[in-house]
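Student: give me coordinates for this.
(chains A and B)
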There are 2 protein chains.
Amino acid sequence: MNDRPSPSEPSTSAELGEFDLIHRYFAPLATAPGALGLLDDCAMFDLPDGHSGVVTTDAMVAGVHFFLDDAAYGIGWKLLAVNLSDLAAMGAVPIGYTLDLALQTGWTQQWVREFAAGLGGCQTKYGTSLLGGDTVSTSGPMTAAITAFGAVPKGTALHRGGARVGDSVWVSGTIGDAAMAVRMRKGWTPKSAVDTTFLDQRLDLPEPRLALGQALRGLASAAADVSDGLAADLGHICAASHVAAELLLGAVPLAISVQTMVRAEPDLAREIVAGGDDYELVFTAPAAADSAVREVARLTGTAVTRIGRIAAGEGVRIVDPHGREIVLDRLGFAHF
Amino acid sequence: MNDRPSPSEPSTSAELGEFDLIHRYFAPLATAPGALGLLDDCAMFDLPDGHSGVVTTDAMVAGVHFFLDDAAYGIGWKLLAVNLSDLAAMGAVPIGYTLDLALQTGWTQQWVREFAAGLGGCQTKYGTSLLGGDTVSTSGPMTAAITAFGAVPKGTALHRGGARVGDSVWVSGTIGDAAMAVRMRKGWTPKSAVDTTFLDQRLDLPEPRLALGQALRGLASAAADVSDGLAADLGHICAASHVAAELLLGAVPLAISVQTMVRAEPDLAREIVAGGDDYELVFTAPAAADSAVREVARLTGTAVTRIGRIAAGEGVRIVDPHGREIVLDRLGFAHF
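Tutor: Model prediction:
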């Protein structure tokens, strides 16, 4: 199979049935033997001995989670990446995924080809496979959902509910890049020159922290991925763990471009912790494990930063470098 | 949790956020401990020792696969049932499912409540659990997708590709009920009085043949569920097995109402084998196993009927009771 365009490629749905669409664009993604070439009623998969299965699902709608004139490659990549990010937050190894695609009237094969290429790029990077799918048509906006599966050694999955008073709070990578990219796409111009290529990539091609998540098994006490926003997702850990968190705004790791922006407009710091779409891991670990956390971060090639600590109580208290508490208008972006 | 309406129930999306929607209507469906109350990044599941996982997905769009004024209970039931029917065709035991729901602007809580009740009715009957989901909003028609997974002892899954020349062809239940119900909903009036309640139930509340599918492991040589149409799905078995099938039209099992219709209008027989949406199992088994097939059908309380045989060649040859070959205008309903 070859998923590059061919001169004779029909360009719209009217010329291509579901079977041909699947054969041309999605069958090449079904690399796992258990996918059975997408030709049977179901796909097969196995869990390694002594492992539990882990499953998650995320959907995206054109006009809500992406725009049809966004590059379709990025839409495909991101849809898979956000699901893999959920697996990362549990410490799981990805196995495979299914795709449900509701194609909008007037869809083009070029769009589907690039969307499939984005899925393919992401699955190749993170070592997973399409296992099955369903393609339907809709008069409304394009809608796509992925359900991703993984495996984790029994009893070792990371959960949101394990944070304990005194634990350190950590986050991987940098925060706020996607939020700043979204602001710029909505027409905002920052007061300083920034690297828009970097920020756009961070928004469109997120990198799920699978290696870090797996390395944190047995070390982190709780974990979540940062999809709704750093403050909101840390809040989810607090709620599930029945604890509070103190989040040091000055400690939140920022990319160089975002540091520049915040120096010019200090109020942006609020947007950064509320922004969402970071797909980093926020996690807690006993303070005694601080050096062990740094070591697994080094081994997996992932930057991690200690950004606060767990306390008794409830909710997330955000403290600026002057020791003042920051109140957010909103805790995070509601994806709904 | 209680998923019945309460007097204070808000009626539209404007009054109810995603979290409350999930808590109120979908958390009660997350009966498996591994669902983690739908509160973590992923759900957990285990496969029994020596079993492989099986996964399938199906999506439905309002205006294509159902109508918004159809009873929402039936929409929820059917969406889960059609996925379980795919598991049945592989001989799998259901474990759990995920739900992606794109709610149309102006959706009502009554619709969601009844939709969730339909899922609940079906999962209770067939012993499975919601494991996770994502709820988004769309300006277009309601779209819902389920990914269902199950377990099957390693090496025993039924596939489409195992039919051999000389095998008997079997089908469970009765065929054409849903096709006749669809015709009547489109305004057609049959020439004889029929039991519309029965036909509507067959269309709206299909019963996946899970017990039969499991009992056919080690006995059937190939199997598929009848979703596209009896002739089309038998055709899928033939294509995957590199064989032909002879389908005896007079042997196709018909419900009493459908028998009455066909006596009045013999040409309906074509619609019946092309109709689809039956969610019965069509399967093949060596002729020497005919009595064993009848025995497992009896043990699982499922009617089965021998409707033809596998021959060398390709394609499905439909033969009427006079020995004449019937040519269908279309092999089955394309769900795309």
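
Student: show me what contacts the residue of chain A found nearest chain B?
Tutor: Across chain A, the shortest distance to chain B (CB to the nearest CB) belongs to A:Gly140, at 1.0 Å. For every residue, glycine as well, the C-beta is placed using N, CA and C. Applying CB atoms under 8 Å, 6 or more residues apart in numbering or on different chains to A:Gly140 gives the contacts A:Ala102, A:Gln104, B:Gln104, B:Thr138, B:Ser139, B:Gly140, B:Pro141, B:Thr143.

Student: how about it, nearest residue that isn't a chain neighbour?
Tutor: Nearest residue to A:Gly140 in three dimensions, chain neighbours excluded: B:Gly140, at 1.0 Å (CB to CB, 6 or more residues apart in numbering or on different chains).

Student: domains of chain A?
Tutor: Under the assignment automatic domain parsing, the domains of chain A span A:13-153, A:160-326.

Student: got JSON lines for these, with mean pLDDT and distance to B:Gly161 too?
Tutor: Listed next are these as JSON lines, based on pLDDT from 0 to 100; distance: least, CB to CB, whole Å:
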{"stretch": "domain A:13-153", "mean pLDDT": "92", "distance to B:Gly161": "8"}
{"stretch": "domain A:160-326", "mean pLDDT": "95", "distance to B:Gly161": "34"}
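
Student: what's the most buried one of those?
Tutor: domain A:13-153 (a mean of 22; mean count of other CB atoms under 10 Å in any protein chain shown).

Student: surely A:Ser168 meets A:Arg306?
Tutor: Yes. Judged on CB atoms under 8 Å, A:Ser168 makes contact with A:Arg306 at a distance of 5.1 Å.

Student: of all the domains of chain A, which one is nearest B:Thr196?
Tutor: Nearest of the domains of chain A to B:Thr196, taken as CB to CB: domain A:13-153 at 27.7 Å.

Student: which residues of the stretch 151-300 of chain A lie near chain B?
Tutor: A:Val152, A:Lys154, A:Ala157, A:His159, A:Arg160, A:Gly161, A:Ala223, A:Ala224, A:Asp225, A:His236, A:Ala240 (CB under 8 Å from any CB of the partner chain).

Student: among those residues, name the ones in helices.
Tutor: Judged by DSSP state H, those include A:His236, A:Ala240 as members of helices.

Student: now, the most widely separated pair of the residues of the stretch 151-300 of chain A next to chain B?
Tutor: Longest span within those, CB to CB: A:Lys154 and A:His236, 24.1 Å.

Student: which ones are touching A:Pro206?
Tutor: Neighbouring residues of A:Pro206 by CB under 8 Å, 6+ apart: A:Lys78, A:Ala81, A:Val82, A:Ser85, A:Ala178, A:Asp277, A:Asp278, A:Tyr279.

Student: if we use 6 Å, what do you get?
Tutor: Contacts here follow CB atoms under 6 Å, 6 or more residues apart in numbering or on different chains; on that basis A:Pro206 touches A:Ala81, A:Tyr279.

Student: can you check A:Ala223 too?
Tutor: A:Ala89, A:Leu158, A:Leu281, A:Phe283.

Student: so which of the residues you listed comes closest to B:His51?
Tutor: When these are compared against B:His51 (criterion: CB to CB), the nearest one is A:Leu158, at 25.2 Å.

Student: which parts of chain A are helices?
Tutor: Going by DSSP H, chain A shows helices at A:18-21, A:72-90, A:109-126, A:177-185, A:196-204, A:210-215, A:230-241, A:256-264, A:268-274, A:290-299.

Student: distance to B:Val296 added to those helices, as CSV?
Tutor: Below are the helices of chain A laid out as CSV (distance: least, CB to CB, whole Å):
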stretch, distance to B:Val296
helix A:18-21, 32
helix A:72-90, 39
helix A:109-126, 39
helix A:177-185, 55
helix A:196-204, 53
helix A:210-215, 43
helix A:230-241, 46
helix A:256-264, 64
helix A:268-274, 59
helix A:290-299, 52
